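Q: Next one to model:
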Amino acid sequence: DIVTETLKTRALPYTATELLQRAREQNPDVRSKSASIRQQETQVELAHKNFRPDFNVQYTYQHTASQFPDYYMATFGIRLPNRGRQSAELAEAQENQERARREMDAESQRVLAEVQQHYVRAKTLEERLKIYSDGLVPQSEATFRSALSAYQSNRQDFESLLSSFLDVLNLDMEYRSELVEHESALAELERLAGVNVP
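A: Numbering: from 1, shown residues only. This is a model prediction of the structure:
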């Protein structure tokens with residue numbers, strides 16, 4: 001069965017600083033860029049290692065027929081790296097590493113700006129929802145109840161009663177619209193910072 005319940009305002013239990021820190025640590029886009037930097041650092045280390053000469057020692061044994069002696073062979077080789085090519089590979093790896101760092105910095109700044117924007121939006125909407133729930137909506141409902149009593153005792157006309165009722169409906173719609181925006185801001189913060197707002 002589907003059970004409906006009234007949507008309530010969820011308070012944001014995190015400070016802006018906590019959300020920003022969690023976004024740095026847990027945001028999948030930032031973590032992806034961080035992994036890319038680690039990959040590029042490995043490429044730079046590999047490019048540095050390719051400057052070293054490559055030594056090669058081999059030993060071969062072959063058993064032959066009984067009328068021939070067994071075959072033995074030992075070889076020693078050294079491969080000297082082409083310094084020009086290795087320098088170009090190192091420069092490319094370092095440039096890729098620097099590009100990955102710039103991309104991560106840009107992604108971090110984008111995510112942090114979005115977190116800050118949604119945090120401010122959520123807090124502002126939270127205050128506005130409090131104004132609606134503690135002031136405007138109860139006041140309009142009280143005005144409607146008063147108008148209904150006056151109408152029932154023939155002290156007020158139907159048009160005034162209808163106007164009071166429409167005020168209640170409009171304020172309730174505005175409240176729910178603000179609540180939807182607030183929940184949207186919280187959902188974005190949950191996505192960006194990897195937190196769960198109870």
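
Q: quick one: residue 84 and residue 198, what's the gap?
A: Using CB to CB, to the nearest Å, we find residue 84 at a distance of 61 Å from residue 198. To be clear about C-beta, it is placed using only N, CA and C from the backbone, and glycine gets the same treatment.

Q: Neighbour count for these two, which is higher?
A: Using other CB atoms under 10 Å, the more surrounded residue of residue 84 and residue 198 is residue 84, with 8 against 5.

Q: which residues touch the helix or strand that residue 46 is a member of?
A: Following DSSP states H and E, one finds residue 46 within helix 28-49. With CB atoms under 8 Å, 6 or more residues apart in numbering as the test, helix 28-49 has contacts from 23-24, 86, 89-90, 92-94, 96-97, 99-101, 103-104, 107-108, 111, 194.

Q: Give the other helices and strands that the helix or strand that it is followed by contacts.
A: Per DSSP H and E, helix 28-49 leads on to strand 54-62 as the next helix or strand towards the C-terminus. With contacts taken as 3 or more CB pairs under 8 Å, 6 or more residues apart in numbering; DSSP states H and E, strand 54-62 sits against strand 71-79.

Q: Distance from the strand it packs on to the middle of the chain?
A: Mean-position distance between strand 71-79 and its chain equals 56 Å (CA atoms, centre = their mean, to the nearest Å).

Q: just stretch 25-45 next, same as before
A: Computed by CA atoms, centre = their mean, the chain-centroid distance of stretch 25-45 equals 15 Å.

Q: residues in contact with residue 157?
A: Residues counted as contacts of residue 157 (CB under 8 Å, 6+ apart) are residue 151.

Q: How about residue 175: what's its closest non-neighbour residue?
A: Distance criterion CB to CB, 6 or more residues apart in numbering; nearest residue to residue 175, sequence neighbours excluded, is residue 132 at 4.2 Å.

Q: picking up where we left off before, keep only those of the contacts of helix 28-49 that are in helices.
A: Judged by DSSP state H, the contacts of helix 28-49 include 23-24, 86, 89-90, 92-94, 96-97, 99-101, 103-104, 107-108, 111 as members of helices.

Q: Among those residues, the buried ones, what's the PyMOL command?
A: If you want just the buried ones from the ones in helices among the contacts of helix 28-49 in PyMOL, going by 16 or more other CB atoms under 10 Å, the selection is:
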select buried, resi 23+24+86+89+90+93+96+97+100+101+104+107+108+111
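
Q: Just the buried residues of the helix or strand hosting residue 187, please?
A: Element membership for residue 187, per DSSP H and E: helix 158-193. For helix 158-193, the neighbour count (16+ other CB under 10 Å) marks 161, 164, 167-168, 171, 175, 178-179, 181-183, 185-186, 188-189, 192-193 as buried.

Q: what's the distance between residue 96 and residue 44?
A: Here residue 96 is placed at a distance of 8 Å from residue 44 (CB to CB).

Q: how many neighbours does the residue lying closest to residue 188 once chain neighbours are set aside have?
A: Counting by CB to CB, 6+ apart, residue 188 lies nearest to residue 118, which is 4.5 Å off, once chain neighbours are set aside. Counted with other CB under 10 Å, the neighbours of residue 118 add up to 22.
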